[in-house]
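Student: Only the shape, not the letters, is given here:
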């Protein structure tokens, strides 16, 4: 029974991962640029942690004038890499 349960959990986990990837897949819509606060909120982390991830090059960002912005696609990529 334990093997069947482990197999069922594994299959469910993979199905959930596929659904999350499909939802996060890029669409034809233009990419939205998120402020640091918006990106941190989207990821559920603080500003310092977000800057740490950008500094470690695990999260893409761009500089527009004096502002640092995070493309919404970069949020999806970041999440997909950690699934």
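Tutor: Everything's here; your move. Not measured: the values here are computed from a predicted model.
Student: doesn't residue 75 make contact with residue 43?
Tutor: Yes: counting by C-beta atoms under 8 Å, residue 43 touches residue 75, with 6.5 Å between them. Every residue, glycine included, has its C-beta placed from N, CA and C.
Student: Could you tell me which ranges of the protein sit under the pLDDT cut-off?
Tutor: 1, 25-30 (pLDDT under 70).
Student: let's see it at 90
Tutor: With pLDDT under 90 as the threshold, the chain has low-confidence stretches at 1-8, 10, 14-31, 80-83.
Student: which residues are in contact with the longest helix belonging to the chain?
Tutor: Ordering each helix of the chain by length in residues (DSSP state H) puts helix 2-24 first. Helix 2-24 is contacted by residues 76, 79-80, 83 when judged by C-beta atoms under 8 Å, 6 or more residues apart in numbering.
Student: Now a ChimeraX select for only the buried ones of the residues you listed.
Tutor: With 16 or more other C-beta atoms under 10 Å as the burial test, the buried ones among the contacts of helix 2-24 are selected in ChimeraX as follows:
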select :76
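Student: Identify, from the contacts of helix 2-24, the entry nearest to residue 38.
Tutor: For those, the minimum distance to residue 38 (C-beta to C-beta) is 14.0 Å, reached by residue 76.
Student: gap between that closest one and residue 34?
Tutor: Relative to residue 34, residue 76 is positioned 11 Å away (criterion: C-beta to C-beta, to the nearest Å).
Student: Kindly report the same for residue 67.
Tutor: 11 Å.
Student: what about these two, which has more around it?
Tutor: More crowded of residue 67 and residue 34, by other C-beta atoms under 10 Å: residue 34, with 19 against 11.
Student: Now residue 70. Its backbone dihedrals?
Tutor: Here the main-chain torsion angles of residue 70 (degrees, to the nearest 10) amount to phi -120, psi 120.
Student: Show the contacting residues for the closest residue to residue 70 other than its chain neighbours.
Tutor: In space, residue 70 comes closest to residue 39 once its chain neighbours are excluded; the distance is 3.9 Å by C-beta to C-beta, 6 or more residues apart in numbering. Listed by C-beta under 8 Å, 6+ apart, the contact partners of residue 39 are 50, 59, 61, 70, 75.
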